[in-house]
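Trainee: Sequence and predicted structure, then a few things I'm wondering about:
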Amino acid sequence: MTDETIRDVLTRRGLSRRAFLQVCASVTAALALSPAEAADMTKRLETAERPTVIYLSYQECTGCLESLTRSFSPGIASLIFNDISLAYNDTLQAAAGQAAETAKDTAMKNAWGKYVLVVDGSVPLAQNGAYCAVAGRSAVSDLKRAAGGAAAVVAVGTCAAFGGLPYAAPNPTGAVPVSEIVRDRPVINISGCPPIAEVITGVILYYTTFGVPALDHLHRPMNFYGNTIHDRCYRRPFYDRGMFAKTFDDEGARQGWCLFELGCKGPITHNACPTTKWNGGTSYPIESGHPCLGCSEPGFWDKGGFYKALSTPTGHWSRTGVVSGAVAAGVAAGLSTAAVARARQGRAQKKAASADSEPKNPTS
Amino acid sequence: MPLSRGVIPIRPVTAGAPAGGALADAILAEIASALHEYLDTRQNHVIDLTGMPLSREDRQRIDAYLGQGEVSMDIHALVHSHIEETAYAGVWRVRHYDMGGGVHSERIEIIDVPEIVRASSADMAHSARRIEALRAEEGA
């Protein structure tokens, strides 16, 4: 790992401080930082060492990487992620076979103890991990080895964060989330199927400048997962007035009323979709007329049907207490869920403010 | 019988959510207080509109309130940025565009000149070196 800063990289590419400030504006807007925090981040990014990111993929569909690389503002997201920090990614690189394994070993060795390990996909444990193996090594042993040299681990996508689709009943491969394998260093979960590209790059840059962000009880950054979809939904006024679409082609659907009765999981789903939006800020599922599937929550596919309203009995029992608790709260009252989320965000921010008084610098 | 609503069902669609423009009023109050703050302490202030759930009414009201001022500038660095002063001196609208022409960051800044406009000392030092190199090359 070099001692180069992010600012140095831009200067070397012939870009001015104005370009650097454009990068900062993009990142601080994506992170929804307060003006004071944004100014602080700009100051820190001037001197912060260029982060090294090693990206490993296990049981996944590559949708998360698609989300990242098909970002509609390729200029800044890809500059930060691909050009500045990405040291290894087996899908994007040209090398294959032994050359790829050597590249991975070299990248890890050069930044041992300092790199950010991004993991995409769940890790199968059944049959001694035989369901997913790379270069003759099982995913579980590969992850343990790579995590050994990581300053922090970022689990990208619902598969890595909560087990995802491979974890769905009956979970034939014995898939588990990254946090069940890596227990001795910080794991930041960026859930979503896939997560929003700006959220992935934003969290990595936040970690570079301020250290581990404030996390919720499922280890997701509060900046992006502190509110429910329902909290920030532009259709919320219709929910409050009891104006619901009953079918996809009725008057309510045409008028853009609340999709709760069509199965919207917005009240129990924490994500940044209503504000950050998708496809370069174009829209998000509810804005396009479809209920939220709840893809950033654990076990979203095992909740009995995407089009069943939250208050409808599903006949399914969720396997994790955390999820069933959240569902119960959502069924009881969408409003109280929102209140709980806001209270939790406040608490976590206070906690983080006191814990982060001494900023973490992965390079020192 | 003339064509009527009874023959061809006409469903009028009212535009916009019933959210109103309350946020625009709050932003205007914030700008006023930031102007006082700047005059007293020289502390600049930034209101980032990018992540705010603004309704269409909010946007229309912000545009109507702020209007257009005397200065507008364009920066062509990594991406295109457009900066314009509003009808109020020291209240600037700064928009950064992505490669596709969409706005990816939009903010209101309260300061004498937005920081991004100033040439940095590092860049000016770099310019001096470049000019010296050019002169040396031409002299040789």
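Mentor: Arrived safely.
Trainee: Which residues of chain B lie near chain A?
Mentor: Counting by Cβ under 8 Å from any Cβ of the partner chain, the residues of chain B lying close to chain A are B:11, B:13-14, B:17-19, B:45-48, B:50-53, B:55, B:75, B:77-79, B:81, B:94, B:96, B:98-100, B:102-107, B:115-116, B:120, B:122-123, B:126. Backbone N, C-alpha and C define where each C-beta goes, glycine included.
Trainee: For the residues you listed, which PyMOL command selects only the ones that are buried?
Mentor: Buried members of the residues of chain B next to chain A can be picked out in PyMOL with the line below, counting by 16 or more other Cβ atoms under 10 Å in any protein chain shown:
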select buried, chain B and resi 17+19+45+46+47+48+50+51+52+55+75+77+78+79+81+94+96+98+99+104+105+106+107+115+116+123
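Trainee: out of the residues of chain B next to chain A, which are inside helices?
Mentor: Among those, DSSP state H puts B:A122, B:D123, B:H126 in helices.
Trainee: Just give me the closest of those to B:A89.
Mentor: The closest of those to B:A89 turns out to be B:D123 (Cβ to Cβ; 26.9 Å).
Trainee: Quick check: nearest residue in space to that closest one, chain neighbours excluded?
Mentor: Beyond its immediate neighbours in the sequence, the residue positioned closest to B:D123 (Cβ to Cβ, 6 or more residues apart in numbering or on different chains) is A:S16, lying 5.0 Å away.
Trainee: likewise A:E261?
Mentor: Nearest residue to A:E261, sequence neighbours excluded (Cβ to Cβ, 6+ apart): A:F244, at 4.5 Å.
Trainee: The one you found: neighbour count?
Mentor: For A:F244, the number of neighbouring residues by other Cβ atoms under 10 Å in any protein chain shown comes to 19.
Trainee: That one pairs with what?
Mentor: With DSSP bridges applied, A:F244 shows beta-bridge pairing to A:C258.
Trainee: Can you check the pLDDT for it?
Mentor: Here, the pLDDT recorded for A:F244 equals 95.
Trainee: next one: B:S4
Mentor: Predicted confidence (pLDDT) at B:S4: the value is 51.
Trainee: can you check A:G321 too?
Mentor: Checking the pLDDT column for A:G321, the value is 41.
Trainee: Please apply the same query to the one 4 residues further on.
Mentor: On pLDDT, A:G325 comes in at 40.
Trainee: now swap in A:C24 and tell me
Mentor: pLDDT, A:C24: 82.
Trainee: Isn't A:V134 up against A:D142?
Mentor: Yes. With contacts defined as Cβ atoms under 8 Å, A:V134 counts as touching A:D142 at a distance of 5.9 Å.
Trainee: neighbour-wise, which of the two wins?
Mentor: The residue with more neighbours, out of A:V134 and A:D142, is A:D142; 21 against 15, by other Cβ under 10 Å.
Trainee: So that one sits against A:I54, correct?
Mentor: No. Look at A:D142 against A:I54 with Cβ under 8 Å: they stay out of range, at 11.4 Å.
Trainee: Kindly provide the distance from A:K43 to chain B.
Mentor: 12 Å (Cβ to the nearest Cβ, to the nearest Å).
Trainee: That residue: helix or strand, and which one exactly?
Mentor: In the assignment (DSSP states H and E), A:K43 maps to helix A:35-47.
Trainee: ok, back up a step: okay if I get the ones in helices among the residues of chain B next to chain A as CSV plus pLDDT?
Mentor: Written out in CSV, the entries for those read as follows (pLDDT from 0 to 100):
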residue, pLDDT
B:A122, 85
B:D123, 87
B:H126, 87
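Trainee: Among these, find me the one that's closest to chain A.
Mentor: The nearest member of those to chain A, counting by Cβ to the nearest Cβ, is B:D123 at 5.0 Å.
Trainee: Now do the strands in the stretch 1-150 of chain A.
Mentor: Here the stretch 1-150 of chain A has its strands, by DSSP state E, counting those that start in this stretch, at A:53-57, A:86-89, A:115-120, A:123-124, A:133-134, A:137-138, A:150-156.
Trainee: now chain B
Mentor: Taking DSSP state E as the criterion, chain B contains strands spanning B:45-48, B:72-76, B:80-85, B:91-97, B:103-110.
Trainee: Among those, which comes closest to A:K308?
Mentor: With Cβ to Cβ as the measure, strand B:103-110 is the member of the strands of chain B nearest A:K308 (36.5 Å).
Trainee: partners of that closest one in the sheet?
Mentor: Taking DSSP bridges as the criterion, strand B:103-110 forms sheet pairs with strand B:45-48 (antiparallel), strand B:91-97 (antiparallel).
Trainee: Lowest average confidence across these, which one?
Mentor: strand B:45-48 (a mean of 89).
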